[in-house]
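J.: could you work out the structure for the sequence below:
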Amino acid sequence: QVQLVESGGGLVQPGGSLRLSCAASGSIFSINAMGWYRQAPGKQRELVAAITSGGSTNYADSVKGRFTISRDNAKNTVYLQMNSLKPEDTAVYYCNADMFLSPYDYYGMDYWGKGTLVTVSS
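T.: Residues are numbered from 1 along each chain as shown. Next comes the predicted model:
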């Protein structure tokens, strides 16, 4: 069974840092883009950052210069280093990956983790 499991969330003070990890497991042939989304209470889920298999990155304007996405292809893991955290970064953070389970798949399938809560508060 293919799954994405996030870790690293928690409570942090404004200005602090956290590092989120998301590991993909199961019978996976390859992974295209991986990314992090977040959903704050009463708001829609939004893209935070994404990274292609080749390492190209994309960030939401609200996190540019503060967050860094990276991945370890050998471990099927994506990371999100979050620095200078603000109260408005409080949300459930979800990992997303576009994965091929077979070399015969024409399209990748979209998988989501269950989310990890990040709370920024003094």
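
J.: show me where this structure has strands.
T.: 3-7, 10-12, 18-25, 30-39, 46-51, 57-59, 67-72, 77-82, 91-100, 109-112, 116-120 (DSSP state E).

J.: dump those strands into CSV; add mean neighbour count as well.
T.: Every residue, glycine included, has its C-beta placed from N, CA and C. Output for those, formatted as CSV (neighbours: other Cβ atoms under 10 Å):
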stretch, mean neighbour count
strand 3-7, 17
strand 10-12, 14
strand 18-25, 18
strand 30-39, 20
strand 46-51, 19
strand 57-59, 15
strand 67-72, 18
strand 77-82, 22
strand 91-100, 21
strand 109-112, 14
strand 116-120, 18
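
J.: including mean pLDDT, could those go into TSV?
T.: As requested, the strands of the chain are exported to TSV (pLDDT from 0 to 100):
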stretch	mean pLDDT
strand 3-7	95
strand 10-12	98
strand 18-25	97
strand 30-39	96
strand 46-51	98
strand 57-59	97
strand 67-72	98
strand 77-82	98
strand 91-100	97
strand 109-112	95
strand 116-120	98
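
J.: point to the residue nearest the middle of this protein.
T.: By Cα atoms, centre = their mean, the chain has its centre lying nearest to residue 36, at 2.6 Å.

J.: I'd guessed that one sits against residue 92; true?
T.: No - taking Cβ atoms under 8 Å as the definition, residue 36 is not a contact partner of residue 92, at 10.9 Å.

J.: if I pick the residue nearest to the centre of the chain, what's in contact with it?
T.: Taking Cβ atoms under 8 Å, 6 or more residues apart in numbering, we find residue 36 in contact with 20, 22, 47-50, 69, 78, 80, 93-96.

J.: swap in residue 37?
T.: Residue 37 sits in contact with 45, 46, 47, 48, 93, 94, 96, where contact means Cβ under 8 Å, 6+ apart.
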